[in-house]
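*Asks:* Just a sequence and a predicted model for now, questions to come.
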Amino acid sequence: METLKKRFEPFHIMGVVNVTPDSFSDGGKYLDPERACARARELVGQGADIIDIGAESTRPGAVELSLELEWERLAPVLKEVKGQIDKRIKISVDTKKPELMVRAAKLGVDIINDVSGLADAQTLQYLALESKASYLSMHMKGSPESMQESPLTGGGVIGHVCEFFAQSYETLRQAGFCHERIWLDPGIGFGKTDQANLLLMANTPYFASRYQLALGISRKSWMGRLLGLGSPLERDPPSKIAEFALAVAGAKIIRTHDVQRLAKIRWESTKVEL
């Protein structure tokens, strides 16, 4: 009998650095620029391929920051991290403000991680033509402040996300981004019920067959509700198993807080001989 074989395809690990006082997972821990930079170096040492730096919390109920306050937090960390870590490591900036995307691009960041979906056409065109940055467009229903008031359910979430992906991809191509610079994220936990989150993850192979897919499920509250885990840190072990399963299903970027354990799983998977 012939045995079906499939070799594991490597994925990128995106390590999270929250330069915020109120993120659900580690709020306040890395608000100081020196500590944030030290954390970035630590994540690289643990196996991160990408460092994602954000200065505005996107937890449910979070209030939007002013542009200048967000940049005041971001700028010193971006500058220091760019100068301190290996040039092969990519730097991502997590922001939904077009002006900050442009400022970050001028500093040489590699990825714009936009949790609001897409910036305006002028900003997208500038980023596509005047920088080398890739664009990661994430689906979110509403804003962090309102997204859980009327979340998408399992009945309609796939249609919503499919339409969002198709429109975002086409808009980014028209702006001047090539396929390799376009990343899409279904936004697990952002304006969706627990059942909708599970359905989106189950459809990872479908999405990944069409687009370059990024996913972030690390320490999310839906996992705590399903498994009875109140503390975000308690959710790390089940997060690793789910993250690896999503990578096997085709996701090419996994955004996570616990880089070390996911990197170990990735390393062990590459040693398997078929």
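*Replies:* Alright, I've got the coordinates.

*Asks:* just the helices in the stretch 151-274 of the chain please.
*Replies:* For the stretch 151-274 of the chain, helices defined by DSSP state H, counting those that start in this stretch occupy the ranges 157-175, 194-202, 204-208, 221-227, 236-248, 259-270.

*Asks:* Select, out of these, the one closest to S92.
*Replies:* helix 259-270 (13.7 Å; C-beta to C-beta). Quick note: C-beta positions are derived from backbone N, CA and C, even for glycine.

*Asks:* Rounded mean pLDDT for the closest one, please.
*Replies:* Across helix 259-270, the average pLDDT comes to 93.

*Asks:* What residues of it count as buried?
*Replies:* 259-263, 266, 269 (16 or more other C-beta atoms under 10 Å).

*Asks:* Tell me, what's the model's pLDDT at K6?
*Replies:* Note for K6: predicted pLDDT of 64.

*Asks:* ends of stretch 18-37, how far apart?
*Replies:* Stretch 18-37 has its terminal residues 11 Å apart, counting by C-alpha to C-alpha, to the nearest Å.

*Asks:* quick one on the thing from earlier: minimum distance to L31: which of the helices of the stretch 151-274 of the chain has it?
*Replies:* helix 259-270 (19.8 Å).

*Asks:* which stretch among the helices of the stretch 151-274 of the chain comes nearest A48?
*Replies:* helix 259-270 (4.8 Å).

*Asks:* Give me the distance between the closest residue to G191 other than its chain neighbours and I112.
*Replies:* Spatial nearest neighbour of G191, chain neighbours left out: K141 (2.8 Å); criterion: C-beta to C-beta, 6 or more residues apart in numbering. Distance of K141 to I112, computed by C-beta to C-beta, to the nearest Å: 21 Å.

*Asks:* So the two - more neighbours on which side?
*Replies:* Between K141 and I112, counting by other C-beta atoms under 10 Å, I112 is the more crowded of the two (28 against 20).

*Asks:* Surely that one and L100 touch.
*Replies:* No: counting by C-beta atoms under 8 Å, I112 does not reach L100; the two are 9.3 Å apart.

*Asks:* joint contacts of the two?
*Replies:* Shared contacts of I112 and L100 (C-beta atoms under 8 Å, 6 or more residues apart in numbering): V93.

*Asks:* what sits up against the strand ranked longest in the chain?
*Replies:* Secondary structure of the chain read by DSSP state E shows that its longest strand is strand 12-18. Here strand 12-18 makes contact (C-beta under 8 Å, 6+ apart) with 25-27, 29-30, 36, 39-40, 43-44, 46-54, 57, 77, 81, 92, 214, 216, 218, 252-257, 259, 262-263, 266.

*Asks:* and it with helix 259-270, angle?
*Replies:* Angle between the axes of strand 12-18 and helix 259-270 is 180 degrees (criterion: axes from the mean of the first three to the mean of the last three C-alpha atoms, to 10 degrees).

*Asks:* Could you list every helix and strand in contact with whatever helix or strand comes next after strand 12-18?
*Replies:* Reading on from strand 12-18 to the C-terminus, the next helix or strand found by DSSP states H and E is helix 33-46. Helix 33-46 is packed against strand 12-18, strand 50-54, helix 67-84, helix 259-270, with contacts defined by 3 or more C-beta pairs under 8 Å, 6 or more residues apart in numbering; DSSP states H and E.

*Asks:* who wins for proximity to C178 among the ones you listed?
*Replies:* Going by C-beta to C-beta, the one of the helices and strands packed on helix 33-46 nearest C178 is strand 12-18, 17.8 Å.

*Asks:* Output the helices of the stretch 151-274 of the chain in CSV, with distance to V16 appended to each entry.
*Replies:* Converted to CSV, the helices of the stretch 151-274 of the chain look like this (distance: least, C-beta to C-beta, whole Å):
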stretch, distance to V16
helix 157-175, 22
helix 194-202, 18
helix 204-208, 20
helix 221-227, 16
helix 236-248, 12
helix 259-270, 9
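
*Asks:* P10: which of these is closest?
*Replies:* Nearest of those to P10, taken as C-beta to C-beta: helix 259-270 at 6.8 Å.

*Asks:* who touches that closest one?
*Replies:* Residues contacting helix 259-270 (C-beta under 8 Å, 6+ apart): 8, 10-11, 13, 15, 43, 46-48, 236-237, 240, 243-244, 247, 254, 256.

*Asks:* Please consider this matter closed, and thank you.
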